[in-house]
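Colleague: Sequence and predicted model, in that order:
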Amino acid sequence: HLQLKWTLPVMMMISPRRWCTMWAVITAWLGTAWGASLDDSLEGIITWSIETASPDQVGFASPATMLMQGTDSCNTDVSYPSAAAIFGDIALVLKANFQTNTCYRDGDWNYRSWLLQRAKLVSSNGISHDAYQINPPMLGPKRSICGSDTMLYVNVSARQQKVLYKVKPGANGLLILQEIATLTGGNDGYIFSNFNLASQTGVLTSATVFVLLEPGTSLQVFPTVSSRVQGALLAGGTGAGDFALTGRKFDLGFSADTFSPETDYTVGPGEFASNYHWNKQFFQVSRADGAEGVVWQDMSNKNVYMTWLSSTLDSATTTKIADSKDNMYLISAVSNGQNEIVFFWVTTLLPDMGFGFGSLNTGAGIGPNPSAFATLEGVKVDSASGAILLRQNLPTNDIGIGLNYHAFSECGTSA
């Protein structure tokens, strides 16, 4: 059988609180019985939808909807929110005007008549999270100025934490979550969510879904393959002769900050800086036992790790192979395919000319000192244990075999 297979490590931005950091391994094959047998058990991605309740709709807690005036509670009341201001785990509370220290309730200076609906985030594999949809107010302030904000309160038990999100539909059956705040409950139950539904600066203008989730909860997109691996058939089929694209996410088992374009390289293709690209961040390696792996660096603490994938792609093992050292930046890694890995890293600070020019990201356009040289170190490690076998600084000066290496640049078109 003709077989075409490749493995591409990429970063998947799924909730780091739950899965720490995960790798996605994209595997493709063409017309092989082996490929089909490896991945024929993978299901498609889990899709999510938002269901909102109509009055007295079955499947939602009662009442399923409520038209709330939003004037029953003020944050200067002796006790708030009142029962009339509560709808399930949310409540609407007016904020006292900072000048008069009173809440405007008669409609002259406040928004009124909020339609509240229970909602659910429902997945294609049967997972459900309770949510709430809040619609724009039907009545605005008669005097066209908001004198009392309408604040969203949420129910969080004492000493417990919840994360509040705004939710909206995304493409291909996915949901987009925008985190508003991580909230810690007090003794009163309902606490301010850090979100104003109406204020002097603006008001909710479209139906918006809010959900309270436990910290670390993610809306799972890939079905579970094993205790620390999720995977899905992304496209194609699993029959003989079919082309298939699958993805897997591997839980590292610890908190880490791997490179992510969403946060670490936000330059778009239409921006000038994109012409210069970015340095490679993940380096593929292999071992004598046939294992495939990746060498990578934590973007925050600068430790260097190797991650080895099992042959069945249902587990991964990650080992730290070097502690951070003097702002060293990983620039390359290679293996001999047997038992050793060699990687190189360099200092990220440019030699200073005395004008305060430091790293590339914070520099002020003066350039490195032409008479100074950066530090470049090579490190050899054991592919199995991660033990360091040899480390050596390479000559970076301009004498003899020196590399005449002055400065590191994060630009992908230079070293």
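Modeller: In hand now; what should we look at? From a predicted model like this one, the values you see are computed outputs, not experimental measurements.
Colleague: switch to C-alpha atoms for all contacts and neighbour counts from now on
Modeller: Fine.
Colleague: what's near enough to touch residue 192?
Modeller: 151-154 (Cα atoms under 8 Å, 6 or more residues apart in numbering).
Colleague: In terms of distance to residue 384, which of these ranks first?
Modeller: residue 154 (50.1 Å; Cα to Cα).
Colleague: Tell me, how many residues neighbour that closest one?
Modeller: Residue 154 has 25 neighbours, counted by other Cα atoms under 10 Å.
Colleague: Which parts of the stretch 1-150 of the chain are helices?
Modeller: Remark: helices assigned in the stretch 1-150 of the chain by DSSP state H, counting those that start in this stretch are 16-19, 33-39.
Colleague: can you give me the mean pLDDT across the longest one?
Modeller: When pLDDT is averaged along helix 33-39, the result is 41.
Colleague: Can you report how many residues lie near the nearest residue to residue 220 once chain neighbours are set aside?
Modeller: Excluding its sequence neighbours, the residue lying closest to residue 220 (Cα to Cα, 6 or more residues apart in numbering) is residue 46, at 7.0 Å. By the measure other Cα under 10 Å, the count of residues near residue 46 is 18.
Colleague: you'd agree residue 46 is up against residue 127?
Modeller: No - assessed by Cα atoms under 8 Å, residue 46 is found out of contact with residue 127, at 9.8 Å.
Colleague: How much space separates residue 402 from residue 408?
Modeller: Noted for residue 402: a distance of 16 Å to residue 408, by Cα to Cα, to the nearest Å.
Colleague: Ignore what I typed, I meant residue 388.
Modeller: As defined by Cα to Cα, residue 388 lies at a distance of 24 Å from residue 408.
Colleague: same check, this time on residue 127
Modeller: Counting by Cα to Cα, the gap from residue 127 to residue 408 is 48 Å.
Colleague: cool, residue 162 as well?
Modeller: Here the criterion is Cα to Cα. By it, residue 162 lies 43 Å from residue 408.
Colleague: quick one, which of the two is more surrounded?
Modeller: Per other Cα under 10 Å, whichever of residue 162 and residue 408 has more neighbours is residue 408, with 25 against 21.
Colleague: Would you agree the more buried one is in contact with residue 331?
Modeller: No - when contacts are counted by Cα under 8 Å, residue 408 is not listed as touching residue 331 (9.5 Å).
Colleague: List the residues that are in contact with both of the two.
Modeller: The contact sets of residue 408 and residue 331 overlap at residue 346 (Cα under 8 Å, 6+ apart).
Colleague: Report the rounded mean pLDDT for stretch 226-233.
Modeller: Mean predicted confidence for stretch 226-233 is 88.
Colleague: What are the buried residues along it?
Modeller: Residues of stretch 226-233 classed as buried by neighbour count (16 or more other Cα atoms under 10 Å): 228-233.
Colleague: I'm done for today, thanks for sticking with me.
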